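A.B. asks: the following comprises the amino acid sequence and a computationally predicted model.
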Amino acid sequence: MQRKLHSLEAIVAMCALAFVLVVSVGFAQAGEIRKVTLRSSSAIVQDAETGEIVHEKNADAVVPIASITKLMTAIVILDAGLDLEEKIVLGREDAVGMKGSRSRLRTGLALSRKDLLLLALMSSENRAAAALGRSYPGGLEAFADAMNAKAEVLQMTDSRFVEPTGLSPANVSSARDLAKLVRKAHEYELIREFSTQDRATVRASGRPLNYGNTNGLVRSKYWEIELSKTGYISEAGRCLVMHVRLASKDLIVVLLDSWGKHSRVGDANRIKKWLESGSAADRAS
């Protein structure tokens, strides 16, 4: 004959069952926390020191990269050792292929190569980047060749460059390749400084022009950003790459083809929250 449970035993059994249910729900919730959902079509988060991949999403998809291109433009200019103080006069050819992209730089204005580099990196000025490429020894064709040669050196096997601004959708790469580009660009003090500068005033033929950084996160006290570059054309969507300090680590963040005007910043904040909550470390363990 089956023994009936004593009332105390019944209470203990019920408590044990409740505990098991709570733990099960807790593990299920933890599983949800350990995931980060991004609106970017392609992404990668990489430990800049060890190379460990913290998170990736379609990281090998080859896609247009818009103005992320300008990081390669800056590297080629600086590696060439050109005079940064040389004045460059903007020509009509610097506006070719701008596809309606606005610019406050007018034909005939003269700026130093250093100021053009600042505007290209900080405010993604397309005519500035075009003038940098056009004034390169051998012109735009030689500049594109130099960009692709540098990509080959960096083992960016998914990447192809045809011009210096990023307005052409033929400038393509993958999130994994761009992590290599960000790592290399971070070696240049001037790229780190210019790409994260909040605001600047440059003088074009004596006329002061005020510009701001296209990445609003550089103005946030909650972010430690050492390198930044945004990008957008319709074919590429909204893009963002950064070299940042998060959760006591130096990280490379690449976000490509984010849909929605603020989605790339939203994805960056989601990654930040995910990392700082310890979820990424839990997932790795």
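C.D. replies: Yes, it's here. Residues are numbered from 1 along each chain as shown.
A.B. asks: quick one: mean pLDDT for the strand or helix carrying residue 273?
C.D. replies: For residue 273, the host element (DSSP states H and E) is helix 263-276. Mean pLDDT, helix 263-276: 95.
A.B. asks: just stretch 57-75 next, same as before
C.D. replies: Per-residue pLDDT values over stretch 57-75 give a mean of 98.
A.B. asks: and the end-to-end length of it?
C.D. replies: Using Cα to Cα, to the nearest Å, the end-to-end distance of stretch 57-75 comes to 27 Å.
A.B. asks: show the contacting residues for the residue nearest the centre of the chain.
C.D. replies: In the chain, the centroid-proximal residue (Cα atoms, centre = their mean) is residue 241; its distance is 0.7 Å. Residue 241 is in contact with 68, 71, 178, 181-182, 227-229, 252-255, counting by Cβ atoms under 8 Å, 6 or more residues apart in numbering. (Glycine included, C-beta is placed from N, CA and C.)
A.B. asks: narrow those to those in strands?
C.D. replies: 227-229, 252-255 (DSSP state E).
A.B. asks: could those residues be laid out in JSON lines, adding distance to residue 148, pLDDT and neighbour count?
C.D. replies: Shown next, in JSON lines, are the ones in strands among the contacts of residue 241 (distance: Cβ to Cβ, whole Å; pLDDT from 0 to 100; neighbours: other Cβ atoms under 10 Å):
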{"residue": "227", "distance to residue 148": "22", "pLDDT": "98", "neighbour count": "24"}
{"residue": "228", "distance to residue 148": "24", "pLDDT": "98", "neighbour count": "27"}
{"residue": "229", "distance to residue 148": "19", "pLDDT": "98", "neighbour count": "31"}
{"residue": "252", "distance to residue 148": "22", "pLDDT": "98", "neighbour count": "25"}
{"residue": "253", "distance to residue 148": "25", "pLDDT": "98", "neighbour count": "28"}
{"residue": "254", "distance to residue 148": "20", "pLDDT": "98", "neighbour count": "28"}
{"residue": "255", "distance to residue 148": "24", "pLDDT": "98", "neighbour count": "32"}
